[in-house]
Every structure is written in structure tokens, then in C-alpha cells.
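**Student:** I need the structure of the sequence given here:
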Amino acid sequence: MNAVGRRILLVASESEERRRLVARLSRGSYRVEACACPREAELRLAAATIALVDLSSHAVDGVNLIQTLSRRRPDLPIVALGSRADSPGAIAAIRAGARGCLFVDDTSHRLLLAMDEASAGGRPMSRGMGALLFDHVHGSGRREVDPDFRTGG
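**Tutor:** You can find the predicted model right below:
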């Protein structure tokens, strides 16, 4: 797919962070549609081939936006971008429909790879995200295994 066909919908309310992410994403073969608010994102959703939603904004409820975008475009790969300190936010983003989650400190070396991976149907995650997910599942309170799963039937 050429650069015109690969469009990232970037939602980041902080202008400095948005500029930084656009600069990194523009190094790849993507056209970046950057916006600061959910309304703008919804208006630009139809042309997107992938979405990147910054969870660290205080002005935008990123989890709610991910849920809205994934309901409107179930086929759209959405990657959440959050802080290592906000593990509940990362879990909530995945539950809302994100297909991947990166920590902000990984964007300098992992961002374009993650976008490519999500575009190809993968589930990109930052180092440490696997442990976070395992801890969440183990702490969720459900300890019994489905009997059909154990027997293979």
C-alpha cells in the first residue's frame, strides 16, 4: 500500500506531543491526519487505515474515544499510547477495543514498527505490557478453567 493509502488518524490533545508524534510518523510511509479532539477524530475517521490515540491527555477521554471509534469502525486497528504509570488506563484501552498499546517512552524506537504491525493485523505492545496483562488476568478473580478448554472439546 502506498503512502496515500496508509493513513494514520492521530488523536493527541497536547499540541507539542501531537507535533512530536506527527514528525515520527511522517518518517514512515503514512499520511498523518492529526487532531486534538474526539469530534475532529470522528470527522476524519472514514479515511483512516489505522488510529493512534494518546491516553495521557486530560482534555480527551482516550478510552471512551477508542470505544467510540471501534464501534463505528470495527475493522480499524487502534493503538493506544499511554504511560507506564497508568496501567489501569492501558487495560481499559484494550477492553475498549485497542488492538495494541505502546508506552510513550517507546515511541522513539518502536512507533513506526508498531503501526506497521497493527496495520498487518498484529497486536503491538511495549516491553512490559505482557507482564501487565498477565498480572491483570491473574488478579481478576477468575481462577477456574473452563472444563471444555481442559478437555479440548
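
**Student:** going forward, measure contacts and count neighbours with C-alpha atoms only.
**Tutor:** Will do.

**Student:** show me where pLDDT drops low in the protein?
**Tutor:** Across the chain, the ranges flagged by pLDDT under 70 are 1-5, 59, 141-153.

**Student:** quick one: the strands in it, in order.
**Tutor:** 7-11, 31-35, 50-54, 78-82, 100-103 (DSSP state E).

**Student:** could you look over the ones you listed and pick the most buried one?
**Tutor:** strand 78-82 (a mean of 28; mean count of other Cα atoms under 10 Å).

**Student:** and that strand, what other elements does it pack with?
**Tutor:** Counting contacts by 3 or more Cα pairs under 8 Å, 6 or more residues apart in numbering; DSSP states H and E, strand 78-82 packs against strand 50-54, helix 87-96, strand 100-103, helix 107-119.

**Student:** now for the residue lying closest to D106 once chain neighbours are set aside: which residues touch it?
**Tutor:** What sits nearest to D106 in space, not counting adjacent residues and going by Cα to Cα, 6 or more residues apart in numbering, is S126, at 6.7 Å. Going by Cα atoms under 8 Å, 6 or more residues apart in numbering, S126 touches 101-103, 106, 110.

**Student:** how near is the residue nearest to the spatial centre of the chain to D61?
**Tutor:** Computing the C-alpha centroid of the chain and ranking residues by Cα atoms, centre = their mean puts V79 first, at 1.6 Å. Distance of V79 to D61, given as Cα to Cα, to the nearest Å: 15 Å.

**Student:** just G130 next, same as before
**Tutor:** Remark: distance between G130 and D61 (Cα to Cα) = 24 Å.

**Student:** among those two, which residue is more densely surrounded?
**Tutor:** Between G130 and D61, D61 has the larger neighbour count (other Cα atoms under 10 Å), namely 15 against 11.

**Student:** surely that one meets D54?
**Tutor:** No - judged on Cα atoms under 8 Å, D61 makes no contact with D54 at a distance of 9.3 Å.
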